[in-house]
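In: what's the 3D shape of this:
(2 chains)
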Amino acid sequence: MLGRRCASPFAIRHAVFAFIKGSSMAGVTLRSVRKAYPNGFEAIKGVDVDVGDGQFCVLVGPSGCGKSTLLRMVAGLETITSGDIDIGGRIVNQVEPAERDIAMVFQNYALYPHMSVYNNMAYGLRNRGMPKPEIDTRVQEAARILELGAMLDRKPGQLSGGQRQRVAMGRAIVRQPKVFLFDEPLSNLDAKLRIAMRVEIRKLQRRLNTTSIYVTHDQLEAMTLADVLVVMNGGRVEQIGNPLDIYQKPATTFVASFIGAPPMNLLPLASDALRSQIDGDARRSAGILGIRPEDFVISNGAAPGDVALDLVVDAIEHVGAETFVYGSRQAHGAEIAANPGEFASGEIIVRVPGTAAPSIGERIKAVAPRDKLHLFSGDGRQRIAW
Amino acid sequence: MIEHRRFGNLLPHLVLLAGVAIVAFPVYLAVIASTHDNTVIANGQMPLYPGSHGLETYWTTIVSGTGKTTRAPVGGMMLNSLIMAIGIAVGKIAISIISAYAIVFFSFPFRMTAFWTIFITLMLPVEVRIFPTYKITSDLHMLDSYSGLILPLIASATATLLFRQFFMTVPKELVEASKMDGAGPIRFFFDTLLPLSVTNIAALFVILFIYGWNQYLWPLLITTRDDMQTIVIGIKKIIDVHDALTEWSVAMATAVLAMLPPVAVVVLMQRLFVKGLIETEK
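Out: Sure thing, here's the model as predicted:
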């Protein structure tokens, strides 16, 4: 240990400077990337994504939507059927994973069980033939940032889940790559730790200012981490953009119900009296009306242009700061959900702040203001501006 | 249940002790017999206490050999057995770990065919293929040689299967992390897979060493020179003497000596062996 620390002060300062600054930075661009398996299954059906230098991009979607496959294609662990993947201005379709100047954090951490924490982080650098003093500087610096200093001699088996997670991050950091790739890195942690690590990852990424692509199925993680949010479904990109923009203006009913919890209420307008409550030109072309649970107000009066729903309260969930009211609409038994499987047919969720809530069985009127209504085409594939 | 515990413990212990006595008594007898002068045993008086000729007998057995039977000393045989057993164990492990590595981690045409071909050889132990194997060994001029003793026995479907099962439990992400860390297939094998397999290798080594050490038919077939004999054959030859009394003390000393290396291997590697059989955490 002592021998390793004998690097000159100048060398250390230099290395730390390079460390914080990151080596050379770069964006990632995917151009009509496709992935088809030999059995004909198309996992990725043409994806275009542009992640700018230093940005944090989150790929989010339900399981099986192809988000992990896409990440693994960027990593070079999956081949690309067609299209181009560009990292820092270089097309890397045929480049080996180790040569792509990327580092990946895996869901199950994938630490080498027989190596100490120190060696886990140093292994990749040794393989690249980096001189020992520099490896040591980088590992010590990463250990300092991630507060792993006391654990460098331990084996992964002796660490807790959160510590293993940090070692996995350390292994990525020491490489000073152009791009970090995260494959659901927090899903093996318990809820509390997950939130703590989420904040830590975000801080770290800001500090190192390294372009990152992060895969998750958790929309809350996606919303809180992303500079650029990519919502995926069935191998396609549903919407790309700033998380708040996506939340406020979901492009499809899929995005509308996937982003936000509890999900947006989607009401089919076909042969529904609701249609008459909507004014303007949109009334004719719209097929589905979407209202977020938090946009409802329980009230007796509705201003012109607002949508009012008569509900019978079925269930109530107290969360503390807010309360969710589950209600069913009266006299609309034949209604069908716009997006089967996404929510129970005909059920409306209303969020009310605090703990004040109607009682079960009570009849209430939930009113949504005009400017909070989302309108979609009948197939849910298109948002209708109005 | 709880108040009867003392009796509950006593009975199993009696049964166990009886079992140990049954297994250990012949071994004890062999050790005792090897410490007496041959005439004592030849008279039909088998004492149950140690005699005074132990050192003498073992010296004769290991180093000088017995004049009457003109047999080579057992020391050389032990060396032969040791070389053969270690050669077989190491060879089997080396070959099977490499083939399991290929089968599990690489995709190549006819991968499953290769696997099943290896699997089917389980049905072809040496005894079944002994004539063709002898013919080939003889054609390659490997009779009376260490390579002839070892090579025909080192292909092992069992060990390949065992390593395959172990490799399939290694997380796929570990391979990918290695790729990211710039480790090619060879580096991954030596830096990650081999260290992870240590306990499995140790467990297999114990089993295969004993398998190799106990080989009888094959060495009997291909060795004719006295200086190439293994100790297991040596025991048999020392007992089968014509025109003379069997030197039982020497035979017993040889038997005891033949037992020692497998026992030593088991004792020394027991910790790893058990770990290899029960360990699940990767």
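
In: Let me see the contact set for the most centrally placed residue in chain B.
Out: Relative to the mean C-alpha position of chain B, the nearest C-alpha, by Cα atoms, centre = their mean, is the one of B:I210, at 1.5 Å. Contact criterion Cβ atoms under 8 Å, 6 or more residues apart in numbering or on different chains gives B:85, B:262, B:265-266 as the residues in contact with B:I210. Bear in mind the C-beta positions are built from the backbone N, C-alpha and C, glycine included.

In: Okay, and which of those residues map to helices?
Out: Among the contacts of B:I210, the ones falling in helices (DSSP state H) are B:85, B:262, B:265-266.

In: List only those of those residues flagged as buried.
Out: B:85, B:262, B:265 (16 or more other Cβ atoms under 10 Å in any protein chain shown).

In: re earlier: following the helix or strand encompassing the residue nearest to the centre of chain B, which helix or strand shows up next?
Out: Under the assignment given by DSSP states H and E, the secondary-structure element containing B:I210 is helix B:198-213. Using DSSP H and E, the next helix or strand after helix B:198-213 towards the C-terminus is helix B:217-222.

In: what's the following helix or strand after that following helix?
Out: Next in line after helix B:217-222, if elements are assigned by DSSP H and E, sits helix B:231-239.

In: Touching that following helix from outside, list them.
Out: By Cβ under 8 Å, 6+ apart, the residues outside helix B:231-239 that reach it are B:66, B:69, B:71-72, B:74, B:77-78, B:80-81, B:213-216, B:219-220, B:223, B:229, B:246-247, B:250-251, B:254-255, B:257-258.

In: Contact partners for residue 205?
Out: Just going to use chain A. The contact partners of A:Q205, by Cβ under 8 Å, 6+ apart, come to A:56, A:180, A:212.

In: Not quite, go with chain B.
Out: B:F205 makes contact with B:89-90, B:93, B:265, B:269, according to Cβ under 8 Å, 6+ apart.

In: Just the ones in strands from those residues, please.
Out: Judged by DSSP state E, the subset of those located in strands is empty.

In: could you pick out which of these are near chain A?
Out: When Cβ under 8 Å from any Cβ of the partner chain is taken as the criterion, no member of those contacts chain A.

In: Neighbour-wise, which one of those leads?
Out: Of those, B:A89 is surrounded by the most neighbours, 26 neighbours in total, counting by other Cβ atoms under 10 Å in any protein chain shown.

In: hang on, that one packs against B:A203?
Out: No - taking contacts as Cβ atoms under 8 Å, B:A89 lies outside contact range of B:A203: 11.4 Å.

In: which residues are common contacts for the two?
Out: Shared contacts of B:A89 and B:A203, defined by Cβ under 8 Å, 6+ apart, are not found at any residue.

In: which parts of stretch B:186-198 are buried?
Out: The neighbour-count criterion (16+ other Cβ under 10 Å) identifies B:188-189, B:191-193, B:196-197 as the buried residues of stretch B:186-198.

In: Equivalent analysis for stretch A:169-187, please.
Out: By neighbour count, and taking 16+ other Cβ under 10 Å as the criterion, the buried residues in stretch A:169-187 are A:169-186.

In: what domains does the record give for chain A?
Out: If you go by automatic domain parsing, the domain ranges for chain A are A:3-248, A:266-384.

In: In CSV: those domains, plus distance to B:T121 and mean pLDDT.
Out: Converted to CSV, these look like this (distance: least, Cβ to Cβ, whole Å; pLDDT from 0 to 100):
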stretch, distance to B:T121, mean pLDDT
domain A:3-248, 31, 88
domain A:266-384, 51, 79
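
In: Let me know which of the ones you listed is tucked in deepest.
Out: Between the domains of chain A, domain A:3-248 has the highest mean count of neighbours, a mean of 18, where neighbours are mean count of other Cβ atoms under 10 Å in any protein chain shown.

In: So what's the gap between it and the chain middle?
Out: Counting by Cα atoms, centre = their mean, to the nearest Å, domain A:3-248 is centred 14 Å from the centre of its parent chain.

In: Can you tell me which of the ones in helices among the contacts of B:I210 is nearest chain A?
Out: Distances from those to chain A were compared by Cβ to the nearest Cβ; the smallest belongs to B:V265, at 23.7 Å.

In: Tell me who's in contact with that closest one.
Out: Contacts for B:V265 (Cβ under 8 Å, 6+ apart) come out as B:205-206, B:209-210.

In: tell me which element A:A315 is part of?
Out: strand A:307-318.

In: Direction included, what does that strand pair up with?
Out: In the sheet containing strand A:307-318, the strands it pairs with under DSSP bridges are strand A:322-329 (antiparallel), strand A:363-368 (antiparallel).

In: chain center to stretch B:14-24: distance?
Out: Counting by Cα atoms, centre = their mean, stretch B:14-24 is centred 25 Å from the centre of its parent chain.

In: how about that stretch as CSV, C-alpha atoms only?
Out: Output in CSV follows, covering the C-alpha atoms of stretch B:14-24 (Å, rounded to 0.1, in the frame of the first residue of the first chain):
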residue,chain,number,x,y,z
LEU,B,14,-23.4,-46.8,19.3
VAL,B,15,-24.4,-47.6,15.8
LEU,B,16,-21.8,-45.2,14.4
LEU,B,17,-19.1,-46.6,16.6
ALA,B,18,-20.0,-50.1,15.5
GLY,B,19,-19.8,-48.9,11.9
VAL,B,20,-16.4,-47.3,12.4
ALA,B,21,-15.1,-50.4,14.1
ILE,B,22,-16.2,-52.6,11.2
VAL,B,23,-14.6,-50.3,8.7
ALA,B,24,-11.4,-49.6,10.7
